[in-house]
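**Student:** Give me coordinates for this.
(chains A and B)
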Amino acid sequence: MSPDQAITAEPAPHTSALRPIPAHEHAELDPRFAPPFPQAALHVLRNPQLRKNVAHAIDVIQTKRGKLVAEKQDWQALRDAASAIRTEALDHLGTYLHEFEKNCTAAGGTVHWAADADEARRIILDLLRQEKASEVIKIKTMTSAEIQLNPFLEKSGLEVYETDLAEIILQLGEEEPSHIVVPALHINRSQVREIFARRMGLEHLSDDPKELTNAARAYLRRKFLTIPTAISGANFLIAETGGVAVVESEGNGRMCLTLPQTMITIAGIEKVLPRFNDLEVMLQLLARSATGERMNPYTSLWTGVTPGDGPQNFHVVLLDNGRSSILKKPVERQTLKCIRCAACMNACPVYRQTGGHAYGSVYPGPIGAILTPQLMKMEFAQSLPYASSLCGACYEVCPVKINIPEVLLELRSQVVNQERGQAGRFFDPMYLGLRIANLLFARAWRFHLAQRLGRIGLRLFTRKDGWIHSLPSVGGKWTQTRDLRGFPEQTFHEWWAARAKEDQ
Amino acid sequence: MSTSATSRQRILDRIRAEEGPKATGAFVGSSAGPHAYFRRGALDRSACLSLMIERLREYDAEVVECTPEQISTTIDDQLSASGKHLFTAPQGLPSAWMSASFDWKVDHQLPAEEIEKTEGVVTASFCGIADSGTIVLHHSASEGRRVLTLLPDWHLCILRASQVVETLPEYFDRCPAPPALATYISGPSATADIEMTRIKGVHGPRFLHVILVRDES
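**Tutor:** The predicted structure follows:
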């Protein structure tokens, strides 16, 4: 029995935890089908178990991260350097991708280019068919989640086995990821026990994390040794060497990178680093930001094919899927500096309350709020730029210094411009109000007149204590949750003018 | 691959159009950007080694120290204490390190199933990084192929004091050229995926033992 009983005392039924609108199979985190953020968030806010699970996990990571960042005296200098490296990589992206392709090919790898999700899925399926694969093992990769690879491969008749513990929990429990580093943080130990017991046929399993972990180890051991084809993501592509770096904790990554005959790596085009030495900056920041460790247990680096060691067929699929269109926008392009550490979501007061699913995308939290709408070319997920209080905590912790609030504001203005152009919006109270305000603020006399009329009008609603407790119509939305000061009898201008008169 | 080839051109064209005037089209060899972070550590040698040991122990790794003359006997002691008998050895492991009191499988392209059956593995290493307690393998003949330090549940690693640096950038300075293969190990395999409770040993070796050889005067 564990000291964490308080958290597990009332296990919520895990399957009903988060199914707002199953509009489409596997579509809950597809921004094209997901409900708007406020609607999805409301659903989560009514689930106290889920909020407890999320808050607990976030607190643990944040405490560890805080301690390790504090001991690193050159933390800000490392952030500056990382930001410069990532900016440089994006400024010369074509050059570095070219260089990566050349060096990876020279080392025995094959590089494929996919313009969108559909093409990436087809390339991967073709490669698997060439290998006559019926099963495939996978290292956790957000990019494959982005292109919804698993359901596609399963529909094409392949057995797909996730090997990261959290991903196994999600796969067996038919759950969706809610965080990009600890994707099952919304599921507690008793829920994991239920999933494993049901899907692995282990009825006598306890909810001790150690026992649950051992169950996963046993479940996967044979698969590692027998399945000859694997799919991975990449933390970094190194242009100088054509090498790929994967960071992980459990060793499932090393298993997938070492034992199979064929390895297919899928990576976004922005993942490239110019030089091998750039890792000296990135690796100091990544684990500290992501999991609050000085270094993650295992980092693997490989270059093409090494005879006698590891997979002898190696493919890299470089995925665009909207990224190159982000590159041309001066403010938004910094989004592509992201190294997927999740520090922003761990620091975000909104994420802490809602968890990841409310964002309706495999990329939740502040980075998801700016990345998802852009990957969707601003055609979907327009509510996400508003899923923030603009407090700036995400910018402060970001190891590559992405100014997320700045991008949020830029995207909000784009959403407003989109909406303003829509015919039905003309009589929308908000836009109507803004047009009136625009009219009033344009001339001083109009403004003063409005003040006077407002004072007379609001007198009706002002109580004796000087406060307005409730307003009708649209104004009621404000007074629903807070009181409003009554209009003062005199504005500052009036007071100033009166004072000048007295002095004469 | 004709579609991929077209996509390649399309993607590269789109990127090129956005690269702006700063793009030279040439690979920039030396590190660009500010360099205000610490390259060198501030500790003296003995404090640096102590830090390395402390960090390894924080990861639940066992650490013992010895002189260069004592390597073989220290390995022997560690193997005896493990209670195990069948060990894997990389092809280039010094034969003096392989005591005849144990059974050894020397890796001449051993199949994974054979390695899986052994109880432990003994290897050399390329570097130790004290700041994070990291052991670096470049998979030379004495460090072994990657699979060797992965399947056996018990890993004994020989690290010389002269190989230990304090900071990560110091390790990069020690690389004569970027390695084709490398594994950075910071403590035994672990997960915190269930309620952030750290569990040791998911898939990689659950037990990491380090012999620190005091080869500096």
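**Student:** contacts, neighbours, all on C-alpha from now
**Tutor:** OK.
**Student:** for the residue in the stretch 301-450 of chain A that chain B sits nearest to, helix, strand, or coil?
**Tutor:** Residue of the stretch 301-450 of chain A nearest chain B, by Cα to the nearest Cα: A:Trp302 (4.6 Å). Using DSSP: H, G, I helix; E, B strand; the rest coil, the secondary structure recorded for A:Trp302 is strand.
**Student:** Spit out the contact partners of the spatially closest residue to it that is not a sequence neighbour.
**Tutor:** Nearest in space to A:Trp302, with sequence neighbours left out and distances taken as Cα to Cα, 6 or more residues apart in numbering or on different chains, is B:Leu181 at 4.6 Å. Going by Cα atoms under 8 Å, 6 or more residues apart in numbering or on different chains, B:Leu181 touches A:300-303, B:138-139.
**Student:** can stretch B:132-139 be found next to chain A?
**Tutor:** Yes - if you take Cα under 8 Å from any Cα of the partner chain as the test, stretch B:132-139 does meet chain A, through B:132, B:134.
**Student:** Check what contacts that stretch and list those residues.
**Tutor:** A:294-295, B:51-56, B:125-129, B:143, B:145-146, B:167, B:179, B:181-187.
**Student:** Next step: those restricted to helices.
**Tutor:** Using DSSP state H, the members of these that fall in helices are B:51-56.
**Student:** Now tell me what touches stretch A:485-504 from outside.
**Tutor:** Here stretch A:485-504 has contacts from A:454-455, A:458-459, A:462, A:466-468, using Cα under 8 Å, 6+ apart.
**Student:** Specify the beta-bridge partners of the residue nearest the centre of chain B.
**Tutor:** In chain B, the residue lying closest to the centroid (Cα atoms, centre = their mean) is B:Val136, at 2.8 Å. Beta-bridge partners for B:Val136, by DSSP bridges, are B:Cys127, B:Tyr184.
**Student:** Quick one: list the elements packing against the helix or strand containing A:Tyr96.
**Tutor:** In the assignment (DSSP states H and E), A:Tyr96 maps to helix A:93-106. Counting contacts by 3 or more Cα pairs under 8 Å, 6 or more residues apart in numbering or on different chains; DSSP states H and E, helix A:93-106 is packed against strand A:110-114, strand A:243-248, strand A:272-273, helix B:2-18.
**Student:** Output the ones you listed in TSV; the columns should cover mean pLDDT and mean neighbour count.
**Tutor:** TSV is the format used below for these (pLDDT from 0 to 100; neighbours: other Cα atoms under 10 Å in any protein chain shown):
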stretch	mean pLDDT	mean neighbour count
strand A:110-114	98	23
strand A:243-248	97	24
strand A:272-273	98	27
helix B:2-18	84	17
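**Student:** Of these, which is nearest A:His56?
**Tutor:** strand A:243-248 (21.9 Å; Cα to Cα).
**Student:** Centre of the chain to the closest one, how far?
**Tutor:** Centroid separation for strand A:243-248 versus its chain: 20 Å, with Cα atoms, centre = their mean, to the nearest Å.
**Student:** quick check, the very next helix or strand once past it touching chain B?
**Tutor:** Downstream of strand A:243-248, the next assigned helix or strand under DSSP H and E is helix A:252-258. Yes - using Cα under 8 Å from any Cα, helix A:252-258 reaches chain B at A:252, A:254-255, A:258.
**Student:** who's in contact with the helix holding A:Tyr96?
**Tutor:** Helix A:93-106 is contacted from outside by A:89, A:110-111, A:237-243, A:269-270, A:272-274, A:303-304, B:12, B:15-16, B:19, B:25-27, using Cα under 8 Å, 6+ apart.
**Student:** if I look at the residue nearest to A:Trp302, how far off is B:Gly144?
**Tutor:** According to Cα to Cα, to the nearest Å, B:Leu181 stands 11 Å off from B:Gly144.
**Student:** which other residues reach the strand or helix carrying A:Leu409?
**Tutor:** Assigned by DSSP H and E, A:Leu409 falls within helix A:404-420. Helix A:404-420 is contacted from outside by A:331-332, A:335, A:366-367, A:369-370, A:378, A:382, A:385-386, A:390-392, A:394-395, A:425-426, A:431, using Cα under 8 Å, 6+ apart.
**Student:** Among those, which lie within helices?
**Tutor:** Going by DSSP H, the helices hold A:366-367, A:369-370, A:394-395, A:431 from these.
**Student:** one step back: out of the helices and strands packed on helix A:93-106, which comes closest to A:Ala77?
**Tutor:** That would be strand A:272-273 among the helices and strands packed on helix A:93-106, by Cα to Cα, at 18.3 Å.
**Student:** Walk me through which strands that closest one pairs with, and which way each runs.
**Tutor:** strand A:236-238 (parallel).
**Student:** and the partner strand, how far out from the chain's middle?
**Tutor:** For strand A:236-238, the distance to the chain centre is 21 Å (Cα atoms, centre = their mean).
**Student:** pLDDT averaged over that strand, what's the number?
**Tutor:** On average, the pLDDT along strand A:236-238 is 98.
**Student:** can you check stretch A:157-167 too?
**Tutor:** Averaged across stretch A:157-167, the pLDDT comes to 96.
**Student:** Pull the number of nearby residues for residue 48.
**Tutor:** Since no chain was named, I'll use chain A. A count of nearby residues for A:Pro48, using other Cα atoms under 10 Å in any protein chain shown, gives 12.
**Student:** hm, I was asking about chain B
**Tutor:** B:Cys48, neighbours per other Cα under 10 Å, totals 21.
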